[in-house]
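Peer 1: I'll drop the sequence and a predicted model, then ask my questions.
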Amino acid sequence: MLRNTRTRSAPVTAPRTAWGWALVGALLGVLPAIVAFVPARWLADGVAQATGGQLLLLQPRGTVWTGSAQLVLTGGNASNDRTALPSRVDWQLRPTWSGMRAQLSASCCTPKPLQAQAHLGWASMQLTVADGQSQWPAGLLTGLGTPWNTLQPQGQLVLQTQGFVARWAAGRMVLAGQAQLDARAMSSRLSTLRPMGSYRLVVQGGDVPTLTLSTLEGALQLSGTGQWVGQRLRFTGEATATPEREAALSNLLNIIGRRSGARSIITVG
């Protein structure tokens, strides 16, 4: 009688499984290192794309998480207007369970680092800005193109925030807290009067966020109020000159709004 002499092969799944787990372990070990050293250039490319080329981070150094760059404002991808901040900007980004925490500093403009935290929700986002103060050269705005390249403002912009929170949900923006921008000792190439004055712009949160413009001092008098409807700002204001300085400010009054006698009417939205 013939016997079946074939023997069964030993299972090979165990070695393959071991190799599979080893590969997964290697990937889990390498992936955090790769993520940790993502170059700052990636962040610079993302910022340029998100802003249509109006905000550039040139000569980036470091990583996405801790880096620095030269901040430049431009009129957009097709514009030749651009202005750089006097010093480099340093940043730190740290992921959190619900979003991202950010810190920004520049030796020219931030006595203390500016801090903010973004919280991502289902079809919503919230940005919480820590209370702080910073000071920026008004000439930086010239890089944004029209109308700033015509006005060419000079002076100092002092920004202060207090309990400021912005939330976007269902196509609607909700603001809480306050942001105050003081434009100090302002001048323009359209007038020989230097300075023309100092001004305050206040954004006040609430059910209907408001914007208020007032004059702190100076021959050029600016005032106005506005509010956000959805994500759209509607603002109405006016500009006038003290009688003895009207001739020196006439060109500027013709540019910044619609001239109506001695007044210039400013409307947005």
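Peer 2: Cool, got the structure. Residues are numbered from 1 along each chain as shown.

Peer 1: ranges for the helices of this protein?
Peer 2: Along the chain, counting by DSSP state H, helices occupy 13-36, 40-50, 148-151, 246-256.

Peer 1: any idea which of those scores lowest on pLDDT?
Peer 2: Note on those: lowest mean pLDDT is at helix 13-36, with a mean of 52.

Peer 1: Please identify the nearest residue in space to Thr212, excluding sequence neighbours.
Peer 2: Val202 (4.8 Å; Cβ to Cβ, 6 or more residues apart in numbering). Every residue, glycine included, has its C-beta placed from N, CA and C.

Peer 1: Now for the one you found, how many residues are close by?
Peer 2: Close neighbours of Val202, defined as other Cβ atoms under 10 Å, add up to 15.

Peer 1: surely it meets Gln180?
Peer 2: Yes - at 5.1 Å, Val202 and Gln180 qualify as touching, with contact defined as Cβ atoms under 8 Å.

Peer 1: in stretch 247-258, what's buried?
Peer 2: Ala248, Leu249, Ser250, Leu252, Leu253, Ile256, Gly257 (16 or more other Cβ atoms under 10 Å).

Peer 1: which residues touch it?
Peer 2: For stretch 247-258, contacts defined as Cβ atoms under 8 Å, 6 or more residues apart in numbering pick out 147, 150-151, 188, 190-193, 196, 219-220, 237-241, 259, 263-267.

Peer 1: Can you select the buried ones from those residues in ChimeraX?
Peer 2: Command for ChimeraX, covering only those of the contacts of stretch 247-258 found buried under the criterion 16+ other Cβ under 10 Å:
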select :151,188,190,191,193,196,219,220,237,238,239,240,241,264,266
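
Peer 1: So which of the contacts of stretch 247-258 sit within strands?
Peer 2: Residues of those located in strands (DSSP state E): Leu220, Gly237, Glu238, Ala239, Thr240, Ala241, Arg259, Arg263, Ser264, Ile265, Ile266, Thr267.

Peer 1: And the furthest pair within these?
Peer 2: Distance extremes for these: the farthest pair is Ala241 and Thr267 at 19.2 Å, using Cβ to Cβ.

Peer 1: Do a quick rundown of the strands in the stretch 51-200 of the chain.
Peer 2: Counting by DSSP state E, counting those that start in this stretch, one finds strands in the stretch 51-200 of the chain at the ranges 55-62, 66-74, 82-84, 89-95, 99-106, 114-121, 124-129, 132-137, 154-169, 172-187, 197-206.

Peer 1: ranking these by burial, who's on top?
Peer 2: Neighbour counts (mean count of other Cβ atoms under 10 Å) averaged over each of those peak at strand 66-74, with a mean of 20.

Peer 1: ok now that one, how far from the chain's centre?
Peer 2: 12 Å (Cα atoms, centre = their mean, to the nearest Å).

Peer 1: Relative to Ala48, how far out is the residue nearest in space to the middle of the chain?
Peer 2: The centroid of the chain falls nearest to Leu55 when counting by Cα atoms, centre = their mean (8.3 Å). Note on Leu55: its distance to Ala48, by Cβ to Cβ, to the nearest Å, is 7 Å.

Peer 1: circling back: spit out the contact partners of the residue nearest to Thr212.
Peer 2: Counting by Cβ under 8 Å, 6+ apart, Val202 has contacts Gln178, Ala179, Gln180, Leu181, Leu211, Thr212, Ser214.

Peer 1: Likewise for Gly226?
Peer 2: Thr210, Leu211, Thr212, Leu233, Arg234, Phe235, Thr236, Gly237, Val268, Gly269.
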